[in-house]
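Engineer: Everything below, folded, please.
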Amino acid sequence: MTCARVPRSIVCLLSALRVHGIGTQTPAEVWLAIPHKARAPRFIDLRVRIVRFSGPAWSRGVVSTTFEGVPAHITSPARTVVDCFRFEGLVGPEVAMEALADALHQRKTTVAELGRIERAFPTRRLRAALDVRSI
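Structural biologist: Model (predicted):
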């Protein structure tokens, strides 16, 4: 329903983790990315958390899907994990580490795929975590 009301958005972060079945997070709000300069939508009846993407962040690692028959976009499992590290200040370091461990354990992504996405959106903590896993 939220994607229908904000058609130029991307389901991301905690909401994407939930959709992909990664981790244990149950977000109280729908996490959406909108273009950097777009006006943030306001809803009285929905709890929405907005983050902003621009440039390559708008398309890299984003896949098309449908929710209840509504066309939508969502970050891929690998991109979602990388974003949890990029936006660690919003979601918390425990969420990022849990997402990484669970996504790899469930084989929702690979270290190689995470590395490719991470090179586009560098994060020191994820790079360190991936280096430790490759030892």
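
Engineer: How far does the strand or helix carrying V82 sit from its chain's centre?
Structural biologist: Element membership for V82, per DSSP states H and E: helix 77-86. From the chain centre to the centre of helix 77-86 is a distance of 5 Å (Cα atoms, centre = their mean, to the nearest Å).

Engineer: Downstream of that helix, the next helix or strand is which one?
Structural biologist: Where DSSP H and E defines the elements, the next helix or strand beyond helix 77-86 is helix 88-91.

Engineer: for the closest residue in space to S9 that isn't next to it in sequence, which residues make a bridge with it?
Structural biologist: Once flanking residues are discounted, S9 sits nearest to L32: 4.3 Å by Cβ to Cβ, 6 or more residues apart in numbering. All C-beta spots, glycine's among them, are computed from the backbone N, C-alpha and C. Beta-bridge partners for L32, by DSSP bridges, are V11, I50.

Engineer: Could you name the helices and strands sitting against the lengthiest helix in the chain?
Structural biologist: In the chain, with assignment by DSSP state H, the single longest helix is helix 93-105. Helix 93-105 makes packing contacts with helix 13-20, helix 77-86, helix 124-133 when contacts are defined by 3 or more Cβ pairs under 8 Å, 6 or more residues apart in numbering; DSSP states H and E.

Engineer: Low-confidence ranges, this protein, go.
Structural biologist: Filtered on pLDDT under 70, the chain yields the residue ranges 1, 133-135.
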